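Novice: here is a sequence together with a model predicted from it:
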Amino acid sequence: MVEKIIDVSVINVGEIDGRAYMNKRDMDRLGVDDFDILQLINEFEDSCAVQVLENDEVEVESIAVDNGILDSANISDGDRVNVRKAHLKKEAITRVKFGIEPLEGQPVEECISYILENFDEMTSVIRNRPIYRNLQVDWPDAGCGHVKISFLDSDPDIEGDEVGIIDPSGKEIEVQLVPASEMSFNAVLVLDVSGSMSKEDMVVKGTGTAVEGLRRGLKGGRDLESLLDEFDEKKVSRIKGAALATLLFLSQKVSRGWGEQLAILSFAGDVDVFEVEYGSGGPTPVISCTGEAKSAGLEIIADYVSKRCSKGGGLTFMSGALQQAYEMTNQFEPNSITGKGNPNMIVLLTDGQPNKGNGLGINPVPIVRKCARDYPNTVLYTIGLGEADSRLLKRLSEIGRGEFYEAADLGELTKFYDLLARRFMIALKTDATELVEEIPEDLFEDVEEVDETDEVEIALEEDYGGAGEDIAEEIAEMDAEEEVEEDFEDEFDDEY
């Protein structure tokens, strides 16, 4: 089949919800209908993709386009462009990652904090936008100042000149946001020291460089030297692996020297907060990573972690540890440049299930759900070892707008901590209907049809034509996921 391409003149019509309008005659020449996706390419190979609607007020051989779409593609009012029907990816997008870049010299920390607290505003900016490799969206009126949002990657991956579509079924989609440049952020490390963490099953591999770096950088006492010596063995206890990962995280933060602040909590049957004294100020749970406290703080922390991790025992009071971790972020000082609090990251490391509530409830899900609302500037990452309840930890990280990692060996564990010390990412689940208003008919016309229940399929066919079968399949998947979620909650209710 010969691809249809027409040459038209661009009209910049301001803000029109990220869409474009064409005369019916031109749409017929292209063989497209309302809500189809078009690609525009100028003489310099600058390109963009946009959803089109029919409007006969637009002159023939012209296309009226949202100004944000044009600005991000370096296409201007009056330019001549080639227009064709976009090469759509057959699978719908289920995860998309965007980079956030300040354009007015404002601190990136301030922009990330603003987006954390105003995610709905950001979704309105990218609403109705097809996803393609060079997608850039201007957000000039963001509350934190002018920001550029750039596409980085997605699931499934966008290749070549493909254009992806946010899943039109209304299914949940993961939107990941990362700063376009490195930024400072504070962290609370939450370390499980319960009895099960003493199990010696962590395979030691890929940690030689890290251990030697700690030997050179930390001049600790015998306890620290003894801890590091254990990583010459083939296996170590989970708790010793956790100690090494914690020290690596702290060492990475200190080496950055960006005024970041840390706190450490350990928990078993109760929660223990690490405190350090600087001068005559008295004990504080806040660890500074700059100035005089830099070297002294790490030495004290190294001793604390090694000793605390050698005494693991008791129950697993996860709810209390997580609540206290969120509350701990209130004690961090404002960023000296922005005058506002940095974004915060909580990292929970555990190998088991919660089994103590102590008045808060054993199930930590309600605690994290409430804290995520009360502390919008904070994200939660979870890392599982051994027999950790991966479903629980994944759910906690989703609610906390972070990610879940599962470490099979010590090399993977230290890699995760090294990454988290340097990279701040927001991962939010949102309903796809927040990003796409309409469901085009026959959107994925080449996708293989699937069998579904006649009742659902017929109802959808009446509303959405040829897309009915595909959407019915997505609804079936949604129902299955909801059943899993309900089963998960029921398991907690039954077990605890």
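Specialist: Cool, got the structure.
Novice: how much space between the residue positioned nearest the centre of the chain and N118?
Specialist: The residue lying closest to the centre of the chain (CA atoms, centre = their mean) is A427, at 2.0 Å. A427 sits 17 Å away from N118, going by CB to CB, to the nearest Å. For glycine as for every other residue, the C-beta is placed from the backbone atoms N, C-alpha and C.
Novice: next, the distance between the ends of stretch 138-150.
Specialist: With CA to CA, to the nearest Å as the measure, stretch 138-150 spans 9 Å from end to end.
Novice: quick one: buried residues of that stretch?
Specialist: With burial defined by 16 or more other CB atoms under 10 Å, the residues of stretch 138-150 counted as buried are D138, W139, A142, C144, G145, H146, V147, K148, I149.
Novice: counting only strands, which of the residues you listed make the cut?
Specialist: Among these, the members found in strands (DSSP state E) are D138, W139, V147, K148, I149.
Novice: contacts for stretch 254-262, please.
Specialist: The contact list for stretch 254-262 (CB atoms under 8 Å, 6 or more residues apart in numbering) reads 184-189, 250, 253, 286-290, 294, 297-298, 332-333, 335-336, 342, 421-422.
Novice: kindly report the same for stretch 265-276.
Specialist: In contact with stretch 265-276 (CB under 8 Å, 6+ apart) are residues 188-195, 263-264, 283-285, 287, 293, 297, 300-301, 304, 308-309, 312-318, 320-321, 324-325, 328, 356, 358.
Novice: can you say which of these are buried?
Specialist: Here, 16+ other CB under 10 Å leaves 188-194, 263-264, 285, 287, 293, 297, 300-301, 304, 308-309, 312, 315-318, 320-321, 324-325, 328, 356 buried among those.
Novice: of all the ones in strands among the buried residues of stretch 138-150, which comes closest to Y114?
Specialist: V147 (8.5 Å; CB to CB).
Novice: give me the spatial nearest neighbour of the closest one, chain neighbours excluded.
Specialist: Residue nearest to V147 in three dimensions, not counting chain neighbours: W139, with 4.5 Å by CB to CB, 6 or more residues apart in numbering.
Novice: dump the residue contacts of the one you found.
Specialist: Counted by CB under 8 Å, 6+ apart, W139 has contacts M122, V125, H146, V147, K148, I149.
Novice: so the residue nearest to G269 when sequence neighbours are not counted versus L116, what's the distance?
Specialist: Leaving out its chain neighbours, the residue that sits closest to G269 by CB to CB, 6+ apart is G314, at 3.4 Å. With the distance defined as CB to CB, G314 ends up 34 Å from L116.
Novice: turn the buried residues of stretch 138-150 into a markdown table, including pLDDT.
Specialist: Formatted as a markdown table, the buried residues of stretch 138-150 follow (pLDDT from 0 to 100):
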| residue | pLDDT |
| --- | --- |
| D138 | 86 |
| W139 | 90 |
| A142 | 94 |
| C144 | 94 |
| G145 | 95 |
| H146 | 95 |
| V147 | 94 |
| K148 | 92 |
| I149 | 94 |
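Novice: can you map out the helices along this structure?
Specialist: For the chain, the helices defined by DSSP state H occupy 24-30, 67-73, 108-117, 119-125, 208-217, 222-229, 238-256, 293-309, 318-328, 365-374, 390-399, 410-422, 454-464, 468-495.
Novice: I'd like to know which helix or strand in the chain has the lowest mean pLDDT.
Specialist: Taking mean pLDDT, DSSP states H and E as the measure, the helix or strand of the chain with the lowest value is helix 454-464, at a mean of 38.
Novice: bridged to L191, which residues?
Specialist: S266, L349 (DSSP bridges).
Novice: same question, Q51
Specialist: Counting by DSSP bridges, the residues bridging with Q51 are R19, I37.
Novice: can you tell me how far it sits from Q39?
Specialist: For Q51, the distance to Q39 - CB to CB - is 11 Å.
Novice: more neighbours, those two?
Specialist: Neighbour comparison, Q51 and Q39: the larger count goes to Q51, with 24 against 20 (by other CB atoms under 10 Å).
Novice: how many residues are close by E182?
Specialist: Neighbours of E182 using other CB under 10 Å come to 12.
Novice: mark out where each domain of the protein begins and ends.
Specialist: 5-85, 92-183+426-440, 186-423, 448-496 (automatic domain parsing).
Novice: from C111, how far out is the closest residue to S150 other than its chain neighbours?
Specialist: Distances taken as CB to CB, 6+ apart put G99 closest to S150, at 4.5 Å, once the chain neighbours are dropped. According to CB to CB, G99 stands 11 Å off from C111.
Novice: what sits in contact with each of the two?
Specialist: Common neighbours of G99 and C111, using CB under 8 Å, 6+ apart, are P179.
Novice: these two: who's more crowded?
Specialist: Between G99 and C111, C111 has the larger neighbour count (other CB under 10 Å), namely 27 against 17.
Novice: dihedrals phi and psi, K356?
Specialist: phi -140, psi 130 (degrees, to the nearest 10).
Novice: perfect, that will be all.
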